[in-house]
Structures are given as C-alpha cells and as structure tokens.
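Peer 1: Next comes the sequence, and after it the predicted model I'd like to discuss.
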Amino acid sequence: MSIDALVWAALALTAAGSFCAYVLSVRRLYLLRSDRRHRAGEERLATVTAALAEGDLPRADEPSEADLELVAELLARYSRQLTGDARSNIAGFFESHGLVGREVAHLGDRRSWRRACAAFLLGDMGSPQALNPLLRALDDSSREVRSAAARSLGLLGSGQAVEPLVHALVERRVPRAIGGQALLTLGSEALGPLRPLLLHREPNVRAAVVELVGLLGDAGDARLLTSRLRDSAAEVRAKAARALGRLGAEEATIELREALGDRIGFVRANAAVALGLVGDRASASALLEVARSDEFDPAQAAARALSRLYPQLLWSAARDRTSGPHLAEAADLTAAAR
Amino acid sequence: MSGAMIETNGTPLVLVADDDPDILTLVGFRLERAGYEVLPARDGEEALALALERQPDLAILDVMMPKLDGYEVTQRLRDNPATSGMPVILLTARVQEADITRGFEAGADDYIKKPFSPQELRARVQAILGRR
C-alpha cells in the first residue's frame, strides 16, 4: 500500500472520529437540556398534579399536550404512594383523558415491550376498566407482560384477580416474587376469594393459598388452616403448620402436637417451629422427644422451639450426653443470648 | 407552646422528612391545604437539624432515609430536652410487627403505612395536634 493511501485512510478515520465525537456531544447536550426541561416542568406542575390527585377540578385553561403528558407521568408516580379516594381520583383523570383506553389498546401491540409497558402503566392508573384486559394479559406469550400484568392486578385491588393470580403463580407463568407480592398487595381484599381455594383439587394451589392465608389472615382463619394439617399433600401440611405458628393459633396446639408425629420430616420440623411461635409450654416433652431424634431438620427445629418455650428444660436435657447435638447447640445459643 | 407557633403566627409547623420528592409534595400539599405550615427535609440529618432549629409542633418522618433513619431521628429527638415532647409520626412502608414495635420503642407517637391516604394523614395529624 502506498504512503498516499495510508495518509488518506488516516485522514478519513480522523474525520470520521471527529464527526462521531461531534454527534455524541450534540446528543449529550440535547439530552441534558431535555432532562432539565422535564424536571422544570415536573416542578411547575407538581402542586397542580397533587391537587388533581386530591380531586380538585382542573384549571379553567386546559393544559397543553406536553403538560398533559407530564401530569399523567406524575399522577402515575403519585398513585404508587396513595390509597383511598386519591387513587380513585387519579383513575378518573386517566379514564376521562382516554389514557386508559390507549394503554388497553397497546396490550394488543405486536411488540412485547410495548405490551409490557402498557400492562405496567395500567396498574399505576388504577382504573377498574383495566381489570379484564389485565386478566387476559396473564396469558400473554411474553413473561415480562405477564409479570407486569400481575403486578398491576395487585395494585387494582380487585378480589376477582385473586384466583387467576394464584393459578399464574403456581403454574409459574409469573415469577413467584411478583405473583406473591401482587396477592399480598391485594391484602385483606384477597382473603375472601382465597379461603375457598384452601380446598382446591390441586395440591400446589392449596399449598400456595395456605401460605397466603397465613400471611394475610388473622386468628379467625386458624380453624380453616388447622384442617389442612390433615391434608393429603405434605407440602400443604407443612405450610399449614407454619401459617398457624405465624398466626399464633393457640387453639391449634393439639393438632400441631399431633403433626410432630407426621411421617414426613419437614412437616414435623414446621410443626415444631409453630409450637415454639404459639408458645405452647405443654408441648415441651413432645418437642424434647423430637429434638432427641436423629433426623436433622425436625430435631434442630424442636430444640430451638424448646429454647423459646422452656429453656430450663432444654439446659437440663442438654446436660445428658446422649441427648444429641441439637439440644446442646440450642442450649449453647440460648445461654449465649442471655 | 413551641417557638414555631409563635414564629408562624399560630399556624402549626409540621416537619416532613422523606428522601422521595413525590412524598414530600403529596404530604406537603395535603398539610398546607389543611392549614399547616410545612418544613420539608430530604434526609435524616437535615430533619434533625431543622427540628432542633425550628422546633416544629409535629414531625412526620420516613423510616428509610439516607444518613439517619427515622428511628434514629426519633430517638435523638426524644433524647434532647428541647425536642423530647415533640410528637412524631413515622411514615413507613415497613409494617411488620417488629418494625412497628421498633418505631414505638424509639418514641414515635403514631405510624402511617405507605402507600397512604391523604385524608387519614390529615386526620391523624389533627388528632395528635388537637390533643396538645
């Protein structure tokens, strides 16, 4: 290759590099200005938007298209922080400006990212009009869309979403964390539709529902959960024991003590944990027996439950060299904690 | 009567501390609409400094804040004789029993769960200030 050609190539590369640097600088400047304008707009409209969220009528002069987009963006953010009438007011704003309809239409878009964005935004908008489209979106071919729909259904707060969400959760159509969080977000609204599902024919559904009732329910749910300690599926029995412990269900102590004799180890372990949480000192001797057994999880759980209930008994049992490692460990831990 | 009430001509002064500007806007708007003067702070240190300097009639504190969390600010307000009687409401997304207990142990008077209802917020603020 001649020297001339090399010089020309170097010049061309320098020119191309300079041009790229120029384009990147201009683009960066543009983005900075755009970001500054956006923040200034948000600051200008924040109070008006807060007023809209509280149900104040819009100003006499209608906002410009750009302002409307900003108000919508702010309201979507505010709706995540608010409950009660304010969320209804926000939903009313989005409905009256046709924005709910626009996003529902986007759920049918061929691009999955567009459908996912729409599913996400519909949750922030909080309009009940989005309920059925979002329920359908739980069957979308894209996992992102299904996840966004699950999250939004939790925010809409409708009991109708409970059963479809439970199925989406146990069929792993949505990530466990998102599906679970959606149901927890529904809160006590979810309990009514959840309770009948404790008798669902599929063990996976029953197990998920037992866990949710344990998290969302109260002492009144103890009787229903106690009946699940005799479920045919070990997973359900174990979760029922854990849920009863979380609820502090004293009325379930007899059944929980029976569950210490379950044929499956992790059910016995969960029953031991539950008895510790319930604070049933009458279970001490039964727990001591499990703690002396040679199956790791139940023995360890029983020893720790005993340390909560009856530390003196634990210490005295731990002195016996034949009592096994778990009692000794729990005794050491309890002594160290004092 | 606190210094703030004299300064602001009888309008109760409420310190609102949260690192989320949206929360500051929403809480501030609701309280100003209800007739209170609002003193915003964006982190725990700023909240503590403002509380000591301006002696507000009530503090509404986020639990998870940069620099000092809401529990720590509450504790330090209680430890200081100038602010030991200042009512504190914790505004928190952490509503596990242990978190709530920790807030009350630190000296909080009440807590409000996030997301919150503006009406409930106003009612609780009125209830606490009305008792004073």
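Peer 2: That came through fine.

Peer 1: Pretty sure A:A207 is one of the things A:L198 touches, is it not?
Peer 2: No. Assessed by CB atoms under 8 Å, A:L198 is found out of contact with A:A207, at 10.1 Å. Placement of C-beta: from N, CA and C, glycine included.

Peer 1: Flag every residue of chain B that's near chain A.
Peer 2: B:20, B:22-23, B:25-26, B:29-30, B:33, B:114-120 (CB under 8 Å from any CB of the partner chain).

Peer 1: Among the residues you listed, which ones are in helices?
Peer 2: B:22-23, B:25-26, B:29-30, B:33, B:118-120 (DSSP state H).

Peer 1: which among the residues you listed gets closest to chain A?
Peer 2: Lowest distance from chain A to these (CB to the nearest CB) belongs to B:F29, with 3.8 Å.

Peer 1: Could you tell me which of the residues of chain B next to chain A count as buried?
Peer 2: Buried members of the residues of chain B next to chain A, counted by 16 or more other CB atoms under 10 Å in any protein chain shown: B:20, B:22-23, B:25-26, B:29-30, B:114-118.

Peer 1: where exactly do the helices run in chain B?
Peer 2: Listed in chain order, the helices of chain B (DSSP H) span residues B:3-7, B:21-33, B:44-54, B:70-79, B:97-106, B:118-131.

Peer 1: Next, the angle from the longest one to helix B:21-33.
Peer 2: Going back to what we said before, that points to helix B:118-131. Per axes from the mean of the first three to the mean of the last three CA atoms, to 10 degrees, the angle that helix B:118-131 makes with helix B:21-33 is 50 degrees.

Peer 1: Show me what helix B:118-131 is packed up against.
Peer 2: Packed against helix B:118-131, as judged by 3 or more CB pairs under 8 Å, 6 or more residues apart in numbering or on different chains; DSSP states H and E, are the following elements: helix A:85-96, helix B:21-33, strand B:58-62, strand B:88-92, strand B:110-113.

Peer 1: can you list contacts of that helix?
Peer 2: With contacts defined as CB atoms under 8 Å, 6 or more residues apart in numbering or on different chains, helix B:118-131 is touched by A:53-54, A:82, A:84-86, B:12, B:14, B:26-27, B:30-31, B:34, B:36, B:57-58, B:60, B:87, B:89, B:109-110, B:112.

Peer 1: again, only using 6 Å
Peer 2: A:86, B:12, B:30, B:34, B:87, B:110, B:112 (CB atoms under 6 Å, 6 or more residues apart in numbering or on different chains).

Peer 1: Could I get the buried residue list for that helix?
Peer 2: For helix B:118-131, burial by neighbour count (16+ other CB under 10 Å) applies to B:118, B:121-122, B:124-125, B:128.

Peer 1: Can you tell me which of the helices and strands packed on helix B:118-131 is most buried?
Peer 2: Highest mean neighbour count among these (mean count of other CB atoms under 10 Å in any protein chain shown): strand B:58-62, with a mean of 27.

Peer 1: Show me what it pairs with in its sheet, parallel or antiparallel.
Peer 2: Partners of strand B:58-62 in the sheet, by DSSP bridges, are strand B:13-17 (parallel), strand B:88-92 (parallel).

Peer 1: Identify each buried residue in stretch A:105-116, please.
Peer 2: Residues of stretch A:105-116 classed as buried by neighbour count (16+ other CB under 10 Å): A:106-107, A:115-116.

Peer 1: Now tabulate those in CSV and tack on secondary structure.
Peer 2: What follows is the buried residues of stretch A:105-116, written out as CSV (DSSP: H, G, I helix; E, B strand; the rest coil):
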residue, secondary structure
A:H106, helix
A:L107, coil
A:R115, helix
A:A116, helix
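
Peer 1: for these, which one is nearest chain B?
Peer 2: Nearest to chain B out of these is A:A116 (CB to the nearest CB; 22.6 Å).

Peer 1: Nearest residue to that closest one in space, ignoring adjacent ones along the chain?
Peer 2: Once flanking residues are discounted, A:A116 sits nearest to A:E144: 4.2 Å by CB to CB, 6 or more residues apart in numbering or on different chains.
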